[in-house]
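> here are the coordinates; sequence isn't available:
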């Protein structure tokens, strides 16, 4: 299976897969971080106005 | 206004785009994964070894689709940059800026896999050949767009400046594509043509076609996800974001 070039071939496919994994994860982590920050801000705002009174 | 234009206007509203991206991005990834896996299986285990290059040519089944994506994504970025500059549509600004990291990643893979293939075949990792150099310039253009967008505090002004750079950089696309014809190049010429006769052996086409579709679907999923994430950041104070967050629990 594959000849003496196997390390070159596998290294190339590994780089390609690593790029896809990076590309899949990064925006999801960003979205999760942003959501968490907004949720914390909303909670803080809610505690400033107890019971929702004006 | 025709229904397609009405739909585009509808999609231009951030909450509508958020719902659209949340719904469709997973489907694009789901379509991409089997295409890529089938392409890998064909490329690594099914298609015959090349009579001159042996198994090293199997690298080209990811190198070539990545190179096509590096040019295609730049085109998408430039078109969105143009729309953003002319009609000041916020969604187009964000779409253009979301293209840059994906395009840079595919360009990096193109250069890296080309270097890995070049070492056993050409005897060197790198040479200042016209095709290689113009592809490296393409990577620098992507990095330049990303850097400019990150460097200016006002997000709208940053996006407009970066879109302008993206539009200037479009001059590099024909240079990359025609470099093997315009200059004496170590890099081989095109073997697959949309118009005219392709010189690639038909037995080598299935993995190339599968990976071409796979990378296109992947790009669509990634672009929607990245644009959605950026929209969330930019509009974090807006009601629709809070409503969306509350709806998710």
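Structure received. What you see is a predicted model, and the numbers here were worked out from it, not measured in a lab. Numbering: from 1, shown residues only, chains lettered A, B, ... in the order given.

> could you measure residue B:6 against chain A, distance?
Applying C-beta to the nearest C-beta, to the nearest Å, the value for residue B:6 to chain A is 28 Å. Any C-beta I mention is one placed from the backbone N, CA and C, and that applies to glycine too.

> Show me what the host helix or strand of residue A:19 packs onto, helices and strands only.
Applying DSSP states H and E as the criterion places residue A:19 in helix A:6-48. With contacts taken as 3 or more C-beta pairs under 8 Å, 6 or more residues apart in numbering or on different chains; DSSP states H and E, helix A:6-48 sits against helix B:14-41, helix B:60-87, helix B:90-122, helix B:205-234, helix B:239-248.

> and the fourth one with chain A, contact?
So that's helix B:205-234. Yes: contact of helix B:205-234 with chain A (C-beta under 8 Å from any C-beta of the partner chain) involves B:218, B:222, B:225-226, B:228-230, B:232-233.

> go on, the longest one?
Yes: using C-beta under 8 Å from any C-beta, helix B:90-122 reaches chain A at B:101-102, B:105-106, B:108-109, B:112-113, B:116-117, B:119-120.

> most surrounded residue in those residues?
Most neighbours among these, by other C-beta atoms under 10 Å in any protein chain shown: residue B:106, with 29 neighbours.

> Please name the spatially closest residue to the residue in chain B that chain A sits nearest to (chain neighbours excluded).
Residue of chain B nearest chain A, by C-beta to the nearest C-beta: residue B:56 (3.8 Å). Nearest in space to residue B:56, with sequence neighbours left out and distances taken as C-beta to C-beta, 6 or more residues apart in numbering or on different chains, is residue A:5 at 3.8 Å.

> Just the pLDDT at that neighbour, thanks.
Listed pLDDT for residue A:5 reads 90.

> need the contact list for it.
B:54-56, B:120 (C-beta atoms under 8 Å, 6 or more residues apart in numbering or on different chains).

> Out of the residues you listed, which end up buried?
Among the contacts of residue A:5, those scoring as buried are B:54-56, B:120 (criterion: 16 or more other C-beta atoms under 10 Å in any protein chain shown).

> Could I get those in TSV, plus columns for pLDDT and distance to residue B:238?
Output for the buried ones among the contacts of residue A:5, formatted as TSV (pLDDT from 0 to 100; distance: C-beta to C-beta, whole Å):
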residue	pLDDT	distance to residue B:238
B:54	85	57
B:55	88	54
B:56	91	52
B:120	92	54
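
> Show me what from chain B comes close to chain A.
B:29, B:36, B:40, B:44-45, B:49, B:54-56, B:58-59, B:62-63, B:66, B:101-102, B:105-106, B:108-109, B:112-113, B:116-117, B:119-120, B:218, B:222, B:225-226, B:228-230, B:232-233, B:236, B:241-242, B:245, B:248.

> try 7 Å
Residues of chain B lying close to chain A (C-beta under 7 Å from any C-beta of the partner chain) are B:40, B:54-56, B:58-59, B:62, B:102, B:105, B:109, B:112-113, B:116-117, B:119-120, B:218, B:222, B:225-226, B:228-229, B:232-233, B:236, B:241-242, B:245.

> pLDDT averaged over stretch B:123-142, what's the number?
Mean predicted confidence for stretch B:123-142 is 95.

> contact partners of it?
B:70, B:74, B:100, B:103-104, B:107-108, B:110-111, B:114-115, B:118-119, B:169, B:172, B:175-176, B:179-180, B:183, B:185-187 (C-beta atoms under 7 Å, 6 or more residues apart in numbering or on different chains).

> Which of the residues you listed are buried, as a PyMOL select command?
Buried residues within those, by 16+ other C-beta under 10 Å, are selected in PyMOL with:
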select buried, chain B and resi 70+74+100+103+104+107+108+110+111+114+115+118+169+172+175+176+179+180+187
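
> quick revisit: now the two most distant members of the contacts of residue A:5.
B:55 and B:120 (10.1 Å; C-beta to C-beta).

> Residue B:126 belongs to a helix?
No: Residue B:126 sits outside any helix when classified using DSSP: H, G, I helix; E, B strand; the rest coil, being coil.

> can you count the residues close to it?
14.

> if we can go back for a sec, can you redo the residues of helix B:205-234 next to chain A as TSV with pLDDT and neighbour count?
Shown next, in TSV, are these (pLDDT from 0 to 100; neighbours: other C-beta atoms under 10 Å in any protein chain shown):
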residue	pLDDT	neighbour count
B:218	98	25
B:222	97	25
B:225	96	26
B:226	96	26
B:228	94	22
B:229	94	23
B:230	94	22
B:232	90	23
B:233	90	16
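
> Sounds good, over and out.
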